[in-house]
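A.B. asks: fold the following.
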Amino acid sequence: MLGFVDNKFIIGRDEFSPISAEIHYFRVQKRYWSICFERIKKAGFRIISSSVPWNLHEEQPGKFDFQGFDNPFKDLVVFLELAREFGFKIILRPGPWIKSEWSGGGLPSYIFSDESLIARNNSGGLLMANNSGGVKPSYQPSYLHPKYISHVKRYIGGLVEAIQNYIFPKGPVFLIQLDNEITFGGNDKLFDADYNSYFVNELYPAFLENKYEHAKNLPSCYGKTRSFNNIAPPVELVLKKPDELIQYFDWLEFKGNVLENYITILRDRWESMGVGCMFSVTIPSSKDYIIPVPWEKIRSDRTILGTPIDSSDDINHISRKLRLNQNLTGYCWSSQLAAGAPHNSDSHIPSIDYRKQRFLLISSLAAGLKGLNYYMFVGRNLWVGSPLDEDGTVNQSYDYIRKLNLAYDVIDISSTKSKSAIAIGIYKPYQWFNQIATKGGFDYINDLVNQTFSHLTLDFGGLSYNYDIYDLESSSEIMRLDEFNEKKIMFVPCAEIMSDELQKKLVELITGGMTVVLIGILPKYNMLFKPSRILSKNLGLSAKISYGSAHITANDFSFKSLQYGYIQNKGTAKAIAKAGARVVGAYKKLGKGKFYYFTYDLSAKSESGKLGFLKELLDENNITTPVSCSDPQIQVVIHTNDKGMLLYILNTDLNPSTNVSTKKVVVAIDLSQVGFRQAKVVLHDIFDPEAKINTSSQAFKEGLIFEIGHLDARLYFIPKK
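C.D. replies: This next block holds a predicted model:
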């Protein structure tokens, strides 16, 4: 058997925790492979991972060297054999594009001698792919160009021929990553790519024809035409009326469709060569998910999706994307979590802040991460801060990773879960406005996404409430009513455009028994800009845009806020918030559920009045948390399994001016709410086995004092008796 089940890799009859260590055989001298393997194994790893640079192994078309005939750094075969002798299972990341601060991102320069397969920017110029770590940009191929695909298929064929005896079920390679962060080489903005002639003249018209079937069905924004071949993709934003947005949405959808097809072609090529292992795809780490890739079509029992976590990611970004991807995929695995960081020159190596590195790891686990690939566990050029150097020398981060790996086995971290009664919905068309609607009357949507819904997650964290994030458009089973049995309240953005399907779904959720909090302007168009007031009619409300600042009074609270509009007609709903004489918040029961509707920025951003009102809203809906903390900048998160509870304490105050000071905070947890019935409890520090806190359930309920420093990230285990 081979699969990913309950956050574990199942390989044959064995079960593996989904943790792995990245080592690049092509950057570590052969004489150090054994010592690195020994220390990787001693750190508790059973899985290793490595990229495979195409341009190293096929320097001329059709001439492969995977055995190091003229260069020992090419000896992939011996590397795999030695890894097998050490008992490792292996993840291979052979690209074609590997990035990895490697020349050309792994793509051979000779394929670009034919400029017809190079991607183009919106002015027709040759497109460059962005690498990092001081590596020069290189040309970006046009993903689906037949000539490029021909090169890729030849490369995969040569690689499979060389290593077929090392691929499952014959060998240790059980997972192959397909390309790496597919974003047109980091050119993921609306008009960045791809304007290659094959892309524009062949693929784009075919996409439109498949979507609309006949030219007469095209929206009016395309003008009158008898042929899809007459339609050119947009190259700049020209927006005279709202329905012209359709062509930009189509362009984005098309690019997502291209990426899906590209991944399918890669997977089909591997499988056509007789490869029967698992595959993975890394979801790009974009903060706004600008390219709408249909991930649910890519994901399968044999193809898993991974989330990259970079050294530059902040805790709020990590929390949002991990929670979203958990509900996109059903699991939470990072295909590359930064263990260190790239740098630009080996002549000047920057210092590494190991506190920040540890904070990144612990905050990711607190956000729900259950498995990860440490990238890079073994160092190499243009990288700093790895747990092991290229020669196997142990660095500072090695020990705490070793201790965490031990906890994976003893505590079974990958089986821990967190309960949440709060859901946050995202609607990706609103995310697209970060690139599209800089004008045309939809500017407020950017604030709805970047201000309100980005900061609501911080508010919930500061109030010690757990939450989940859902893609409202997901075609998976996530949005079925029975999937929300544990969710009591859901926060949803709304603007003047929303699909008919989603409007109906929201009505179903409310009338079916959920409490839905709508924030923004009620929709009046569907995604084809046809009149659609399904949500408004069912709620009995209407709203009007009135963008600006406002002084809000809500119950006993008063505060300043960004205002998106006001409620024109509240019908039978009860007014609960006003800006002067205008109603900006209303409440109503509907069917078995109820809704709240606010036309202002509900997120608090530490403003005490808004935070108090948000807390009151949760309280009146019986949304409780067993956790509390005296300092809203300290996030306290708990995960439980049959063995006990993991307690995460994170100092989210990253202000450099406070990086020397420590502060004492009170953390209280009602253990009875999470299934503990014992009078006495012991807190075991995962990273310091000698440090224990002996206390009682009652004392913990009243509050324990912790002294917390800058970038502090604590992880305790409390066993059940």
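A.B. asks: show me the contacts for the residue lying closest to residue 184 once chain neighbours are set aside.
C.D. replies: Leaving aside its chain neighbours, residue 184 sits nearest to residue 193 (3.9 Å; criterion: C-beta to C-beta, 6 or more residues apart in numbering). C-beta: built from backbone N, CA, C; applies to glycine. By C-beta atoms under 8 Å, 6 or more residues apart in numbering, residue 193 lies in contact with 119, 120, 121, 127, 140, 184, 185, 187, 255.
A.B. asks: got a winner among these for most neighbours?
C.D. replies: Taking other C-beta atoms under 10 Å as the neighbour criterion, residue 140 ranks highest of the contacts of residue 193 with 28 neighbours.
A.B. asks: how near is that residue to residue 308?
C.D. replies: According to C-beta to C-beta, to the nearest Å, residue 140 stands 19 Å off from residue 308.
A.B. asks: equivalent analysis for residue 500, please.
C.D. replies: From residue 500 to residue 308 the distance is 35 Å (C-beta to C-beta).
A.B. asks: just the strands in the stretch 401-550 of the chain please.
C.D. replies: For the stretch 401-550 of the chain, the strands defined by DSSP state E, counting those that start in this stretch cover 422-426, 468-471, 489-494, 515-520, 542-554.
A.B. asks: which residues are contacting the first one?
C.D. replies: Going back to what we said before, that points to strand 422-426. Residues from elsewhere that reach strand 422-426 (C-beta under 8 Å, 6+ apart): 289, 324, 453, 456-457, 460, 465-472, 484, 487-493, 618, 623.
A.B. asks: quick one on the thing from earlier: out of the contacts of residue 193, which sit inside helices?
C.D. replies: If you go by DSSP state H, the contacts of residue 193 have residue 255 in helices.
A.B. asks: okay, the contacts of residue 193 in a markdown table with distance to residue 284 and pLDDT next?
C.D. replies: Output for those, formatted as a markdown table (distance: C-beta to C-beta, whole Å; pLDDT from 0 to 100):
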| residue | distance to residue 284 | pLDDT |
| --- | --- | --- |
| 119 | 16 | 98 |
| 120 | 20 | 98 |
| 121 | 19 | 97 |
| 127 | 16 | 97 |
| 140 | 14 | 97 |
| 184 | 10 | 94 |
| 185 | 11 | 93 |
| 187 | 11 | 92 |
| 255 | 12 | 95 |
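A.B. asks: need the pLDDT of residue 429.
C.D. replies: With respect to pLDDT, residue 429 has a value of 89.
A.B. asks: mind checking how far it is from residue 525?
C.D. replies: Going from residue 429 to residue 525 by C-beta to C-beta gives 11 Å.
A.B. asks: who touches both of these two?
C.D. replies: In contact with both residue 429 and residue 525: 497, 498, using C-beta under 8 Å, 6+ apart.
A.B. asks: right, and residue 175 touches residue 94 too?
C.D. replies: No - applying C-beta atoms under 8 Å, one finds residue 175 not in contact with residue 94, separated by 11.4 Å.
A.B. asks: those two: which is more packed in?
C.D. replies: Higher neighbour count among residue 175 and residue 94: residue 175, with 28 against 25, using other C-beta under 10 Å.
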